[in-house]
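K.L.:
A predicted structure for the sequence below; I have some questions about it.
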Amino acid sequence: MQLRPIISEDDIQHRVSELASRIRSDYAGRDLIVIAVMKGSMFFMVDLIRKLDRPVCVDLISVTSYRGTASNGRPEIQMPVTIDLRGRHVLVVDDVLDTGLTLGHILWHLRERGVASARVCVLLTKKVLRAADIHADYSGFELDGEFVVGYGLDLDGAYRDLPYIAAVEPDEG
Ligand code: 5GP
Ligand code: MG
């Protein structure tokens with residue numbers, strides 16, 4: 001297995017700044033709750049909210065569906081949001097929009113809890129056929145179907161600390 005860098009640290013930081021300024025202007029004059037989907041979006045969420053440069057309330061949600069590089073297709077919410085979401089504007093921040101099952105389930109959960117609005121911000125959108133009809137309101141980069149690691153994204157717990165994003169490829173030969 002080898003790592004092929006595909007998005008540099010500079011490109012990530014530049015793009016996160018662009019997303020932050022769009023979000024800042026879209027939510028001007030409104031309260032905003034950012035809910036980060038653990039653990040892959042940790043680095044992205046922290047950089048994003050620092051660049052937002054406005055007051056924001058932050059919470060975390062944890063959903064499991066992936067083991068290694070394959071999904072079992074059944075997201076389960078493990079750490080429900082603790083703050084009262086009724087009537088609030090929520091921005092869900094996730095690392096990757098792939099099949100859409102994870103975000104679809106989270107959006108359903110948030111609507112059940114009476115949010116006034118829910119939008120999605122992802123670092124990466126995969127150009128694949130989605131199992132759930134979900135689109136990202138804010139998306140950093142588009143990818144083909146490749147499995148990637150770095151900047152919070154892991155492969156069985158490893159590589160989250162890389163400051164760039166790399167595709168995981170089998171060894172040649
Ligand atoms: P979905 O439910 O959209 O299929 O899956 C989204 C979740 O799967 C992401 O939040 C992420 O945790 C995980 N995932 C999808 N693609 C990748 C990938 O290429 N690399 C890593 N590390 N996780 C991924
Ligand atoms: Mg995730």
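P.N.:
That came through, no problem. Ligands and ions are numbered 1, 2, ... in the order given.
K.L.:
I'd say residue 15 and residue 142 touch.
P.N.:
No - at 11.3 Å, residue 15 and residue 142 do not qualify as touching, with contact defined as Cβ atoms under 8 Å. Where C-beta positions appear, they are placed from N, C-alpha and C, glycine not excepted.
K.L.:
neighbour-wise, which of those two wins?
P.N.:
Using other Cβ atoms under 10 Å as the criterion, residue 15 and residue 142 rank with residue 15 on top: 15 against 11.
K.L.:
for residue 99, see how far away the residue nearest to the more buried one when sequence neighbours are not counted is.
P.N.:
Once flanking residues are discounted, residue 15 sits nearest to residue 140: 4.8 Å by Cβ to Cβ, 6 or more residues apart in numbering. According to Cβ to Cβ, to the nearest Å, residue 140 stands 18 Å off from residue 99.
K.L.:
show me which of the two is the more surrounded one.
P.N.:
Higher neighbour count among residue 140 and residue 99: residue 140, with 24 against 19, using other Cβ under 10 Å.
K.L.:
pretty sure that one sits against residue 97.
P.N.:
No - assessed by Cβ under 8 Å, residue 140 is found out of contact with residue 97, at 10.4 Å.
K.L.:
who touches both of the two?
P.N.:
Jointly contacting residue 140 and residue 97 under the rule Cβ atoms under 8 Å, 6 or more residues apart in numbering are 122, 124.
K.L.:
which residues of the protein lie near ligand 1?
P.N.:
37, 40, 65-66, 71, 94-102, 147-149, 153-154 (Cβ under 6 Å from any ligand atom).
K.L.:
try it again with 8 Å
P.N.:
Residues of the chain that fall close to ligand 1, judged by Cβ under 8 Å from any ligand atom: 37, 40-41, 63, 65-66, 69, 71, 73, 75, 94-105, 122, 124, 126, 130-132, 134, 143, 146-149, 153-155, 168.
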